[in-house]
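how does the following fold in three dimensions:
(3 chains)
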Amino acid sequence: MTASSDGDYVNNESKIIPGASVTLQLDGKPLPARRGQTVAAAMLAAGQRVLRHTRHAGKPRGLFCAMGVCFDCVMTIDGKAGVRACMTKVEDGMQVSSPVQFKPYERKS
Amino acid sequence: MSFTMETDIAVVGAGPAGLSAALAATNAGACVVVLDEYPEPGGQFYKQLPVEFSVPDRTKLDEDYTKGDAVLAAVKKAGVTISNETLVWGAFEAGELSVTRRGEAGSVKVKKIIVASGAYERVIAFPGWDLPGVMTPGGAQTLVKNQQQLPGSRIVLAGSGPFLLPVAKTLLGAGANIAAIYEATRPREWARHALRLWGHWDRIAEGLRYRRTLADAGLSIQFGRIVVRAEGADAVERVVTMECDASGRTIAGTEQAESCDTLCVGYGFIPQVQLTRLLECEHRYDALRGGWVPKYGGDMQTSVPGVYVAGEVAGIGGAYAALAEGWVAGLSAARELGHKVRDTALMSAQRDRALRRQFGDLVNTVFAVKPGIFELIADDTLVCRCEEVSAGEIRAAAAAWGARSGAVKGVTRCGMGYCQGRICGSLLEELTARAAGCTRAEVGGLSVRPPLKPVRVGDLADLAE
Amino acid sequence: MLAKSDIAIIGGGVIGCSVAYYLAKQGAKVTIIERAAVGSGASSVNSGVISMATKKPGLSLDLAMASQRLYPALSAELGMDVEYLVLGNLIVAENETQAGFIEELAEEQQAAGVPVEIVSAQRCRELNKLLEGRVLSGMYCPTDAQADPFKVTQAYARAAENLGVRIFSATEVEGIELVNGRACKVKTSRGEVHANWIINAAGAYSPAVGAMVGVKHDVKPRRGQCVILEATDDMPNVRVSSAGQLLAKHGGASAGGGELQVPLGYTNRPVAGTIMLGSTNEFVGYDTRTTREGVTGICHSAVALMPQLARLNAVRAWAGLRPYSSKGPLMGDGGVPGYAVASGHGGDGVALAPISGRFMAEYIASDGKRNDLPAFLRALKER
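Have a look, this model is predicted:
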């Protein structure tokens, strides 16, 4: 099974064939993927395990529950924020970006 | 812009319990719609491949893929409607569920509801648990099984519970490099429960098969060991474990590090009771069965007439208990609607259910969460991942305001993020109970409000017409 | 006996905790009896707005202004950051009636010294760039503010405890006993509390407490539903509400069934980054449920005036019961010797907590003689 050469794809001896090839845009750069993959898996396949940085402390986060419960994998997808990458299947031309790092509110004392 | 569905029975969740309930109710003559958030039915246990993937020869697939085929085929043949990618986010009036389906808001009018929303994994916080590469065992299994993607190139499995075994098997079958497997309990702790295994031959056989799989891979489980921290810069690079005693307290001088890029750690499951709470069912705290669970009678009906539960949501018990329980709930709901259900059918289902629950309870007893594990949570350890609230902040608030978990939530923001306390809630309750010196039941669970998961303002606005 | 103190306060919300603090500051021994947890009532389900622009000149506005004057120093005084932020408030007119209403109100408020001005539709959009819907004009008050309701309540409670106030949570009040005609014993689920003064700060539940001493208080629960949006960066901070909201507040309110009027209310909480939309005004008894009409209605009116909000996620909706009183806050004499009331603050509990606590402290210190709220406010102003 092939996609990106970095991918740790399961060696399933072609018993399971992912869908047609598509290309996403991840932070403006092309990311190859296969239909049926989730955005999170496509990123992992490309060797990217850091999905975002947290709003306040800027800590890196990756996939945690992979079943849509924890919301750690939220990214901005096609202009909509707070979309779970693990629950979103790839589409050709999909725009994916990591959430913008929160600027702490500057208090005027 | 918004749609309506109408049915006799809405089953929420298309895992073993939900599918079983749908089948039983449909066979009895009821009209059933299954509402499931995922793109393919099967829940976690019968996780299916994406429809976009193709399988040239299904007979060549591991039975882990095909074990759900019979149930899914039966459900399809019976004419049950399964509405995939459908999120139940609200329940404002009796007989109505507010849903969104692929971004479209809608309403489902029902006479009976069977909540089979399953469970999710319990991860107990420890220093470094928020590093990329640290995930749940179930998450790893989903990645491999559903997405044909290995989570990493050097994997450590840890935590407690028999679920680590099927995950190990799935990972090994996919060619994963498992560096180590750590289990908090020791076999000698299981010994006194050995007699209760009597009668559960299929489960024993399954356990032995897993042992064989590990042995064939040259792997053995390191018992009596727990992860005390995960270390790494931008992602996990190594995992530090220590031996623990029967109550989960670490034993000095037993630190051991193992390098890895992926840590799959889990301590059993937590029933996903958000919907039953929203429906105002009464709940009770059952530590053995995973925490807060809805109260129900022998027919699986909750304290709210017309609302039934089945499977993990009713208390952790495993997939076979879920199947049996779903059958009871489906028959009961159909009978309440006036369909003919023979007493013998119901009683047989209830006997099956009781037997399976017996095994589930045994597993829960043996692999009960050890209290000492919570002592690993340092003050600067993250507890609320969404809002980035540390244990120290929670402890301080709990010491001041103890009484209720909701009060601690209010001042720390723990539980106010996207996941609405699903991941941090039981940790918040535990830390609050410990700081305030009261029980989990006294501390209470976090309140549940709609939407159960985020829904776009635009979709909600459309519903106002 | 559970406790013996100078004063027993029934209700551990923002008002009860504030009153306790100012009393304790005077050296009084105070007990708070709270049936659930501190701040778990209306104090935890509100937007924390501190607004002059929404007040009718007269006692209502005087109270609000006096209270806001106490806010800037509050965090330092209580030793905890209450997140008091002056973000400004814009009330927009969506039709001619509303436009006329805000013009009149602005004139009255200007006369009373509130820095409000009527602004054009274009200026409205400059003040809050999300306002793309049709507005005719607006009323802008740059000095209106907000605080975090949880933090205000906790700050008062903690400061009160540091001064020796005892708070009994999860403690239900079952009755109030009079001895020689004076209310002095509170019967609770955990024992009796003896006190020289009993203050009813039970918010929406004040009528039930009043009934225990045979007093009927003009307080009714008025439900407000709110929708919270996901935390987002870069959202405008100026609070925006439709003048329709004001008309609903000062006028009657819909019964809750059928057509539910939910004018726009937008509050950004810049520290957390979440946006609050809402709220409704409904007389539905003690029902704290959120309704489909409320949630969808709030979103509908929000999107009409601020279409960009449509793409954001709603993560939670909640509802709280304002202690609504037709004549404004009830403070001071409760109608029975030894029994005082501090309730009826409607949706302004957080805003009015400082002044309410101060007033009640003086009331008690003067043994009930200084019961004149307007006089109290005038005296404060002169200091």
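
ok, longest strand in chain C?
Counting residues, the longest strand in chain C under DSSP state E turns out to be strand C:313-324.

wait, what's in contact with the nearest residue to residue B:281 once chain neighbours are set aside?
With sequence-adjacent residues excluded and distances taken as CB to CB, 6 or more residues apart in numbering or on different chains, residue B:281 is closest to residue B:302, at 4.0 Å. All C-beta atoms are positioned from the backbone trio N, CA, C, and that covers glycine. Taking CB atoms under 8 Å, 6 or more residues apart in numbering or on different chains, we find residue B:302 in contact with B:115, B:276, B:279, B:281-282, B:294-296, B:308-309.

out of those residues, which are buried?
Buried members of the contacts of residue B:302, scored by 16 or more other CB atoms under 10 Å in any protein chain shown, are B:115, B:276, B:279, B:281, B:294-296, B:308-309.

between the residues you listed, which is closest to residue C:222?
residue B:279 (26.1 Å; CB to CB).

ok, which stretches of the stretch 101-250 of chain C are strands?
C:117-120, C:137-141, C:145-146, C:166-168, C:173-179, C:182-188, C:191-200, C:220-229, C:239-242 (DSSP state E, counting those that start in this stretch).

chain A contacts on the stretch 51-200 of chain C?
residue C:85 (CB under 8 Å from any CB of the partner chain).

nearest to chain C: which residue in chain A?
residue A:105 (4.1 Å; CB to the nearest CB).

now do the SS call for residue B:335.
Under the three-state scheme (DSSP: H, G, I helix; E, B strand; the rest coil), residue B:335 adopts helix.

just confirm it contacts residue B:343, I think it does.
No: the criterion here is CB atoms under 8 Å, and residue B:335 misses it with residue B:343 at 9.7 Å.

between these two, which is the more surrounded one?
Just comparing residue B:335 and residue B:343: by other CB atoms under 10 Å in any protein chain shown the higher neighbour count belongs to residue B:335, 19 against 8.

distance of that one from residue B:102?
34 Å (CB to CB, to the nearest Å).

and for residue C:260?
The value you get for residue C:260 to residue B:102, if CB to CB is used, is 28 Å.

more neighbours: which of those two?
Ranked by neighbour count (other CB under 10 Å), residue C:260 and residue B:102 place residue C:260 first, with 21 against 9.

not counting its neighbours along the chain, what's nearest residue 55?
Unless you meant another one, I'm taking chain A. Per CB to CB, 6+ apart, closest to residue A:55 is residue A:102, 3.8 Å.

wrong one, I was asking about chain B
Closest to residue B:55 by CB to CB, 6+ apart is residue A:16, at 5.7 Å.

equivalent analysis for residue C:131, please.
Nearest non-adjacent residue to residue C:131, counting by CB to CB, 6+ apart: residue C:125, 5.1 Å away.

what of residue C:334?
Excluding its sequence neighbours, the residue lying closest to residue C:334 (CB to CB, 6+ apart) is residue C:341, at 4.3 Å.

need the contact list for residue B:183.
When contacts are counted by CB under 8 Å, 6+ apart, residue B:183 is found next to B:158-160, B:164, B:221-225.

what does the stretch 301-450 of chain B have sitting close to chain A?
B:385-386, B:388, B:417-419, B:422-423.
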